[in-house]
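[1] Structure here, sequence nowhere to be found:
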Ligand SMILES: NC(=O)C1=CN([C@@H]2O[C@H](COP(=O)(O)OP(=O)(O)OC[C@H]3O[C@@H](n4cnc5c(N)ncnc54)[C@H](O)[C@@H]3O)[C@@H](O)[C@H]2O)C=CC1
Ligand SMILES: O=C(CO)COP(=O)(O)O
């Protein structure tokens with residue numbers, strides 16, 4: 001799969017150690033994928049993959065192959081169960097994890113010595129976890145965020161990849177796609193998109209262009225030496241990052257598109273590399289709001305045409321939001337051509353948790369949050385909080401009416417609107 005197993009200087013004597021921060025439904029699935037690849041490419045990666053687990057006491061469900069009446073009654077630490085049975089019995093039951101996935105309840109310990117950090121947890125928890133990591137990671141580590149959400153504060157809206165980067169002083173890219181985790185854990189074929197666009201200081205390399213994908217050129221980025229090997233950078237939107245990047249030492253294989261593709265690509269999980277980090281991150285976050293709307297109309301029994309209308313309007317609002325608030329460097333093609341965009345929108349509006357919970361809420365006349373509590377066994381929806389966060393941001397900009405579907409979703413969650421109001425609310429945008 002990969003052509004470079006050595007660093008460009010021919011040394012390459014160090015291997016990348018990989019840590020996954022998070023162990024939910026998707027976090028465990030991504031750990032499985034990565035651990036299969038670290039085993040397959042031992043010249044590039046350490047075989048063991050550390051997986052940080054938010055520790056809790058759980059019992060083994062009857063659906064687990066490891067179930068016994070005793071394990072079904074006696075709660076044990078989730079990390080103990082994962083390391084003993086190689087299964088995340090709570091968040092990914094019934095799926096065998098490779099034995100080289102090592103569950104660790106300490107984020108700092110899990111990340112110790114890792115050059116690659118994969119962030120994969122519900123977005124509401126990332127702030128706290130980053131605090132635990134501060135001061136405990138290699139200065140030249142690089143990250144990939146698999147989080148679907150946006151960070152909204154009184155300063156505005158930002159991407160979690162940026163937020164993680166600034167919080168930890170590293171560069172962080174983003175992975176997102178039409179990726180319902182249980183299907184991928186069962187090794188059913190899917191595609192994903194990884195956006196990675198660091199300043200061209202890692203081994204003086206710039207990510208190589210991929211066919212059909214927008215890729216930054218070195219001219220997009222200004223890299224200014226600050227002191228010795230430390231760099232300050234201005235991103236492709238001209239925004240000055242707080243992050244002072246430390247180059248990855250040349251003893252390691254380069255951390256570029258090829259290495260990240262090697263880390264994530266499986267026969268059943270096909271990776272496309274791009275450089276539009278904002279487009280990939282925003283698609284993943286905003287489609288969750290649209291998936292709630294799709295669930296609402298499906299719960300009404302309005303049929304496939306109504307759902308298609310939701311997807312059309314939703315996609316337009318996603319692109320508009322990206323262009324309006326993240327500038328022209330967000331590529332429309334990321335939304336319309338990549339797995340992270342339209343494909344994720346379609347799968348999420350067909351079978352995602354946000355869609356399913358919204359549908360059931362309408363059918364049963366209860367709140368989406370109630371269904372989340374009852375049905376998801378601790379898994380978290382991202383659409384409800386993202387709808388609130390995006391709306392809070394739009395309100396500060398006086399732009400709520402320009403995004404009628406996003407605004408309608410929050411209105412329905414809060415009881416201000418009914419699902420029956422959606423056609424009229426959405427039509428107002430066209431008039
Ligand atoms: N599940 C899926 O099919 C997909 C999920 N995603 C995204 O991946 C991200 C992670 O989601 P999942 O792995 O599905 O998580 P999940 O919703 O399955 O699980 C919840 C996770 O949160 C952890 N947690 C609970 N309380 C916590 C706390 N106080 N502090 C820190 N962690 C805590 C739990 O231990 C568990 O790992 C989300 O942004 C989601 O949108 C992306 C693609 C597919
Ligand atoms: O992001 C997902 C599929 O790509 C999963 O969406 P849900 O969180 O709604 O299940």
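    Great, that's in hand. Treat the numbers as computed from the prediction; the structure is a model and nothing was measured. Numbering: from 1, shown residues only. Ligands and ions are numbered 1, 2, ... in the order given.

[2] Now do the buried residues in stretch 420-428.
    Buried residues in stretch 420-428, counted by 16 or more other C-beta atoms under 10 Å: 422, 425, 426. Where you see a C-beta, it was placed from the backbone N, CA and C, and this is true even at glycine.

[3] Ligand 1: which of those is nearest?
    residue 422 (23.4 Å; C-beta to the nearest ligand atom).

[4] For the nearest residue to that closest one once chain neighbours are set aside, give its distance to ligand 1.
    For residue 422, ignoring the flanking residues on the chain, the nearest one in space by C-beta to C-beta, 6 or more residues apart in numbering is residue 408 at 5.5 Å. Separation of residue 408 from ligand 1 (C-beta to the nearest ligand atom, to the nearest Å): 21 Å.

[5] quick one, what contacts residue 408?
    Residue 408 sits next to 293, 417, 421, 422, 425, 426 when contact means C-beta atoms under 8 Å, 6 or more residues apart in numbering.

[6] and the helix or strand harbouring it, is it in reach of ligand 2?
    Assigned by DSSP states H and E, residue 408 belongs to helix 404-413. No: applying C-beta under 6 Å from any ligand atom, one finds helix 404-413 separated from ligand 2 by no less than 13.2 Å.

[7] what is the rounded mean pLDDT of that helix?
    Taken as a whole, helix 404-413 has a mean pLDDT of 98.

[8] next one: stretch 115-131
    Per-residue scores along stretch 115-131 average to 97.

[9] Show me what counts as buried in it.
    For stretch 115-131, the neighbour count (16+ other C-beta under 10 Å) marks 115, 116, 117, 118, 119, 120, 121, 122, 123, 126, 129, 130 as buried.

[10] so what's the first one closest to, chain neighbours aside?
    Pointing back at residue 115 there. Spatial nearest neighbour of residue 115, excluding adjacent residues (C-beta to C-beta, 6+ apart): residue 16 at 4.6 Å.

[11] contacting residues for that neighbour?
    By C-beta under 8 Å, 6+ apart, the contact list for residue 16 reads 44, 45, 46, 114, 115, 116, 252, 253, 255, 259.

[12] Name the member of those with the most neighbours.
    Per-residue neighbour counts (other C-beta atoms under 10 Å) across the contacts of residue 16 peak at residue 253, which has 27 neighbours.

[13] do you know how far the nearest residue to it once chain neighbours are set aside is from ligand 2?
    Using C-beta to C-beta, 6+ apart and skipping the chain neighbours, the partner closest in space to residue 253 is residue 44 (5.0 Å). For residue 44, the distance to ligand 2 equals 27 Å [C-beta to the nearest ligand atom].

[14] give me phi/psi at the closest residue to residue 68 other than its chain neighbours?
    Spatially, and ignoring its direct neighbours in sequence, residue 68 is nearest to residue 60 (7.4 Å; C-beta to C-beta, 6+ apart). Residue 60 adopts backbone torsions of phi -80, psi 120, taken as degrees, to the nearest 10.

[15] thinking residue 60 is in contact with residue 73, fair?
    No: contact criterion C-beta atoms under 8 Å: residue 60 and residue 73 do not qualify, at 9.3 Å.

[16] how big is the angle separating the host helix or strand of residue 388 from helix 404-413?
    Following DSSP H and E, one finds residue 388 within helix 383-396. Orientation of helix 383-396 against helix 404-413 (axes from the mean of the first three to the mean of the last three C-alpha atoms, to 10 degrees) gives an angle of 120 degrees.
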